[in-house]
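> my questions concern the predicted model and sequence given below.
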Amino acid sequence: MNVQDLYAISPLIVLVTWATLLILVDVYIIRDRNGGTPILAALGLLVAMGFAIAQTGQQYTAFNGMAVVDGFAIFLQVLFLGSGLVGIALAYNYLQRMGIERSEYYILLLYSISGMMLMAIAADLIVVFLALELLSIPLYVLAGFGRPKVEPEEAALKYFLLGAFAGGFVVYGIALAFGATATTSLAGIVQAVNAGSANLTLLSIGAALILIGLGFKVAAVPFHMWTPDVYQGAPSAVTAFMSVGAKAGGFAALLRVFVSALPELAADLSPVLWVLAALTMILGNVVAIAQGNIKRLLAYSSIAHAGYILMALVVFGNTQVSSDAVAAALFYLVAYAVTSFGAWAVVIALEKAEQKGLALDDYAGLGRKYPGLAAAMAVFMLSFTGVPPTLGFVGKLYLFRTVLEGGFIWLAVIGVLTSLVSAYYYLRIVVIMYMRDGDPQVHAEPWLRLTAGVTAVATVVLSLYAGPLFAWASQAVLKLF
Amino acid sequence: MLIEYLPIAILLVISTGLAALIVWIGNTFGPRRPTLRKSLPYESGMNPIGPGTRRMPVRFYLVAVLFILFDIEVVFFLPWAIVFRQLGLFGLIEMFVFIFILLVGYVYAWKKGALEWE
Amino acid sequence: MGDPITAISLWLDGLLAGWGLAPALIIVIKALLGVGALATAVLLVDIFLVWVERKVVARFQDRLGPNRLGPFGLIQPFADVIKLLIKEDITPVGADRIVYNLAPIMALATVLLLWAVIPLAPTVVGTDVNVGVLYIVGVGALGTLGIIMAGWASNNKYALIGAFRTVAQMVSYEVPMVIALLVPVLLARSMGINSIVNAQDSYWFILVAPIAFLLTLITSIAELGRAPFDLVEAESEIVAGFHIEYTGMKFGLFYAGELLHALTLSGIVASLFLGGWRGPGAESFPLLGIVYFFAKAFFLYWVIMWVKYSLPRIRIDQMLNLNWKFLTPLSLVVLVVTALLDKALVGVQPWVYVLVLLAANLVIAWVTLQILRSRARKERQRVAEPRPIARPPAAPVSSQGA
């Protein structure tokens, strides 16, 4: 270990130390006097973000190839830290309003983010697993944060059991990959495959198991069963963070492992991914139509969007397109994160205690009474659908383009068709908000209003400057080897 | 070497066999005159009320969880204790970092009342 | 004739090789004979322990104890065993039969298993695995399983409560116990018990780690569930704890297992802190080593009995507080200080090393006592303050008469 190794994980060190000290500060200094902790947690995220950004443009491996710093890692780390900031902003008043304000929320959030950041720099399957657990375990606790009520506890238990199950798949896949190549390092796997010393059948099975395990994390069909229940039961602020952070973490691992280590297996795995992506898009969008609860609707919508991002993964074996695909996936992750956080901010503004205020009918009349909030929600729904001029549109454009370049025309067609289906339920919310009369009750605290406003503006404005953003994402592609 | 574990395996067989033999002797040579009253669960002479296996206070499980947390962490000390001279100053500092993290968890558990019985 | 054990071993080698047996088979046969002899000897000692226990408790309580059968009543435990063997064996209604019968077997067998790694003399050791301490912790924890099995399978609510208390106590005290056991491991730089005994050639570890010794002894008593930690079988609350429903020899196995466990833990503590078989002339005459070992083990066993018959029982909250809020932090402090000093004192004379570590231990003990004293003072003040008198609520005096 040398100084450069420590420098490589400096954002992580900062964040973990900060969270650990925050426990002590919280227990000894802040105690139950509210406030303080969220601000300190946000400060920690900003400091870590500073360390992450300071590494921009650098590229090296650390800890004997266990970790790697490259554009991909830095891009994702900044995304994770940013989503952590939004997660704090969303929770700040919400937890108080729901009567579940405990400062553990912010500390667990920091730990979970450190797991995601570890995922971004992982260059070894063992580190991937470590990161997966570090990411998940705080989220299990957060999902049950609304205790002692039935729904959050059910959500936490479901999430924990299925998450542990998925973790088992990942570990077993890693074991098989190790058996096939005698190494767990991604670079080593590539070398073994190129040298012909790897057992490709075993490696394919291992990769498939890893795919299943991470499929649970990103909620890809058919590993999505937990998503609606957990998203509905968990406190909305947690759900918002989970739908963005956990998903992005899972995709970080998928992209890193498949694109950089396993391109040789594309012939076997691309069809599998193709089916997964198609199923995820179809099922997510079709089932979402039937939902009357906004949280369940957004849960299915998040499943559907996982399908869109999976499309980028289908082309992972095609080395000419794969870097574009990674860039498109990263761009779509950002677009989805911005839009999703905004939508959840609106949901949180309307939510009342005891799971009230979550039906679609509760949005009736929002357009008349709270035009700003309704306009923001309309923007998010349009972005989810993929209507210009929004980030969602640009993201889908890039995704479909890479898929077409990769030659998967039917997949792109399925993507477009399911987007059309999704227009039905997204636009229905807009219709309810503007066309029906009602008396919605809104707690638009300043932080919520700020989040919704900023994300709404960003959704529109960034789409107009999508070129530079995509260029940044393109620079961020994996340059592991 | 695995051969070092041979006596343990033999002792395992001998000790369980011996204990099983003793139980068998007791079963065989003792009288056997069961009556209902004799074979009821003993509650100081009262007729037993309710089932014998019932839900236990959750505090016991809290203790169990604490044990798992701390014991797993403590077991990591064992290999460290053997080689810590060879590891040098680095090993010492690294272990103190580990102990610090353990202590943070411990302080948290204490302050949040996990160590109180009531 | 200095080392009869090695002599017998060599003689067996020659004899069996003369019969034309394969070398691997010879190893197995020798292990079988040695382990069989060890198990028999330990069980005989166990029966003797019953007599010791009854005799000593009688003296503590100003009685005579068994004195009819044989000289000093020495035959008494054998009569006890025969009596237990021919008692009726009752299985309660609703018991889980398989688990119910397995539990006492488990209780005795796990204790016997511990003897595999305890060195009785330089050459008399079941096996010297290099993870001895870990083995002791692991196999010792299996005994907990036997107890929870007994409590669960008995279909008796008091048995279950007793079992839960036992498990809570045993798993709690395992934490400081492992940390305290780390101190000799750290000093000897090995987890093998025999290596630890060998490392005590110039001084016993009790000299450099007296606090760790005390911690190990206290946690051992708690692991045993003996007074003052015998709330697991508090007869005034839960009849007899986990073994209420056991009769005859099954109860006998629990009883024998408990006594033997006490001697086993005494032997382990003696090996780790009191030099085990070490004593004048033990290296050249291994049989003398066995004598030294058992002398030390029985001394500790007597200390445990002394504690048992002198102290009253504690409550469960006191039990957990003592463990989590006192023993665990103290053991961590001892470990850290020992590691730091060991690091700092590289290459000094042994007597300097011993003196510094002893002084450090005394300082820790003094600071601990000061903290305890100030706490006790505060507690006394808190208790001495006049309590708020419970007044009836100022209810309106309305109802006249009636």
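Received it, and whenever you're ready, just let me know what you need.
> what's the local residue count around C:P77?
C:P77: 22 surrounding residues under other Cβ atoms under 10 Å in any protein chain shown. C-beta here means a position set from N, CA and C on the backbone, and glycine is covered the same way.
> what's the first helix or strand after the host helix or strand of it?
Element membership for C:P77 (DSSP states H and E) is helix C:76-85. Note on helix C:76-85: by DSSP H and E, the next helix or strand toward the C-terminus is helix C:97-114.
> is the next helix or strand after that following helix anywhere near chain B?
Using DSSP H and E, the next helix or strand after helix C:97-114 towards the C-terminus is helix C:132-153. Yes: against chain B, helix C:132-153 shows contacts by Cβ under 8 Å from any Cβ of the partner chain at C:133-135, C:152.
> pLDDT of helix C:132-153, averaged?
Mean pLDDT, computed over helix C:132-153, is 85.
> dump it to PDB, restricted to CA.
C-alpha atoms of helix C:132-153 as PDB (Å, rounded to 0.1, in the frame of the first residue of the first chain):
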ATOM      1  CA  GLY C 132      -5.800 -24.300  20.000                       C
ATOM      2  CA  VAL C 133      -7.400 -21.100  21.500                       C
ATOM      3  CA  LEU C 134      -9.800 -20.800  18.600                       C
ATOM      4  CA  TYR C 135     -10.700 -24.500  19.000                       C
ATOM      5  CA  ILE C 136     -11.400 -24.000  22.700                       C
ATOM      6  CA  VAL C 137     -13.600 -21.000  22.000                       C
ATOM      7  CA  GLY C 138     -15.400 -22.800  19.200                       C
ATOM      8  CA  VAL C 139     -16.000 -26.100  20.900                       C
ATOM      9  CA  GLY C 140     -16.800 -24.400  24.200                       C
ATOM     10  CA  ALA C 141     -19.600 -22.500  22.400                       C
ATOM     11  CA  LEU C 142     -21.000 -25.900  21.200                       C
ATOM     12  CA  GLY C 143     -22.000 -26.600  24.800                       C
ATOM     13  CA  THR C 144     -24.400 -23.600  24.500                       C
ATOM     14  CA  LEU C 145     -26.100 -25.500  21.800                       C
ATOM     15  CA  GLY C 146     -26.600 -28.500  24.000                       C
ATOM     16  CA  ILE C 147     -28.300 -26.300  26.600                       C
ATOM     17  CA  ILE C 148     -30.600 -24.500  24.200                       C
ATOM     18  CA  MET C 149     -31.500 -28.000  22.800                       C
ATOM     19  CA  ALA C 150     -32.400 -29.200  26.300                       C
ATOM     20  CA  GLY C 151     -34.500 -26.200  27.000                       C
ATOM     21  CA  TRP C 152     -36.300 -26.200  23.800                       C
ATOM     22  CA  ALA C 153     -37.000 -30.000  23.600                       C
END
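> in it, what's buried?
Using 16 or more other Cβ atoms under 10 Å in any protein chain shown as the test for burial, helix C:132-153 gives C:132-137, C:139-140, C:143-144, C:146-153.
> any idea of the mean pLDDT in stretch A:154-164?
For stretch A:154-164, mean pLDDT is 90.
> looking at the residues of helix C:132-153 next to chain B, spot the one nearest A:G167.
Set against A:G167, the nearest of the residues of helix C:132-153 next to chain B by Cβ to Cβ is C:L134 (26.5 Å).
> that closest one and C:G14: what is the separation?
Noted for C:L134: a distance of 36 Å to C:G14, by Cβ to Cβ, to the nearest Å.
> contact partners for C:G281?
By Cβ atoms under 8 Å, 6 or more residues apart in numbering or on different chains, C:G281 lies in contact with C:L288.
> tell me the SS of it?
Put simply, C:G281 is coil when judged by DSSP: H, G, I helix; E, B strand; the rest coil.
> save the residues of helix C:132-153 next to chain B as a markdown table, and put in distance to C:P386 too.
Converted to a markdown table, these look like this (distance: Cβ to Cβ, whole Å):
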| residue | distance to C:P386 |
| --- | --- |
| C:V133 | 52 |
| C:L134 | 54 |
| C:Y135 | 56 |
| C:W152 | 48 |
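> residue in chain B nearest to chain A?
Proximity to chain A, evaluated over chain B using Cβ to the nearest Cβ, is greatest for B:K111 at 4.4 Å.
> ok, and the closest non-adjacent residue to that residue?
A:V27 (4.4 Å; Cβ to Cβ, 6 or more residues apart in numbering or on different chains).
> what is the burial count for the one you found?
17.
> on the three-state scheme, A:S383 is what?
Taken by three-state DSSP, the conformation at A:S383 corresponds to helix.
> contacting residues around the lowest-mean-pLDDT helix or strand in chain B?
Of the helices and strands making up chain B, the lowest-confidence element is helix B:36-39, at a mean of 77, by mean pLDDT, DSSP states H and E. With contacts defined as Cβ under 8 Å, 6+ apart, helix B:36-39 is touched by C:90-93.
> remind me, longest helix of chain B?
helix B:77-111 (DSSP state H).
> which strands or helices does that one pack on?
Packing contacts for helix B:77-111, counted by 3 or more Cβ pairs under 8 Å, 6 or more residues apart in numbering or on different chains; DSSP states H and E, involve helix A:10-25, helix B:58-75, helix C:157-188, helix C:328-344.
> average pLDDT across that helix?
In this model, helix B:77-111 carries a mean pLDDT of 84.
> tell me the buried residues in that helix?
Buried residues in helix B:77-111, counted by 16+ other Cβ under 10 Å: B:77-78, B:80-82, B:84, B:91-92, B:95, B:99, B:102, B:104, B:106, B:108-110.
> over to stretch B:58-74?
Applying 16+ other Cβ under 10 Å to stretch B:58-74 flags B:59-60, B:62-63, B:66-67, B:70-71, B:73-74 as buried.
> swap in stretch C:76-87?
By 16+ other Cβ under 10 Å, the buried positions in stretch C:76-87 come out as C:76-77, C:80, C:84-85, C:87.
> what's next to that stretch, contact-wise?
With contact meaning Cβ under 8 Å, 6+ apart, stretch C:76-87 is reached by B:22, B:25-26, B:29-31, C:47-48, C:50-51, C:54, C:66, C:68-70, C:247-249, C:251-252.
> just checking, A:N93 touches A:H443?
Yes: using Cβ atoms under 8 Å, A:N93 is in contact with A:H443, at 7.4 Å.
> the two: which is more packed in?
Taking neighbours as other Cβ under 10 Å, A:N93 and A:H443 compare with A:N93 leading, 19 against 14.
> give the contact list for the more buried one.
Contacts of A:N93 (Cβ under 8 Å, 6+ apart): A:443, A:445, A:447-448.
> make it 7 Å
A:445, A:447-448 (Cβ atoms under 7 Å, 6 or more residues apart in numbering or on different chains).
> among the helices and strands packed on helix B:77-111, which is nearest A:I414?
Judged by Cβ to Cβ, the one of those that comes nearest to A:I414 is helix A:10-25, at 38.2 Å.
> how about the closest one and chain B, touching?
Yes: part of helix A:10-25 sits near chain B under the criterion Cβ under 7 Å from any Cβ of the partner chain, namely A:20, A:23-24.
> most neighbours out of these, which is it?
A:I23 (21 neighbours).
> I figured that one hits A:I107, correct?
Yes: counting by Cβ atoms under 7 Å, A:I107 is a contact partner of A:I23 at 5.8 Å.
> list the contacts for the most centrally placed residue in chain C?
What sits nearest the mean C-alpha location of chain C, by Cα atoms, centre = their mean, is C:L265, with 3.3 Å. By Cβ under 7 Å, 6+ apart, the contact list for C:L265 reads C:220, C:223-224.
> now do A:I212
Shown in contact with A:I212 (Cβ under 7 Å, 6+ apart): A:169, A:223.
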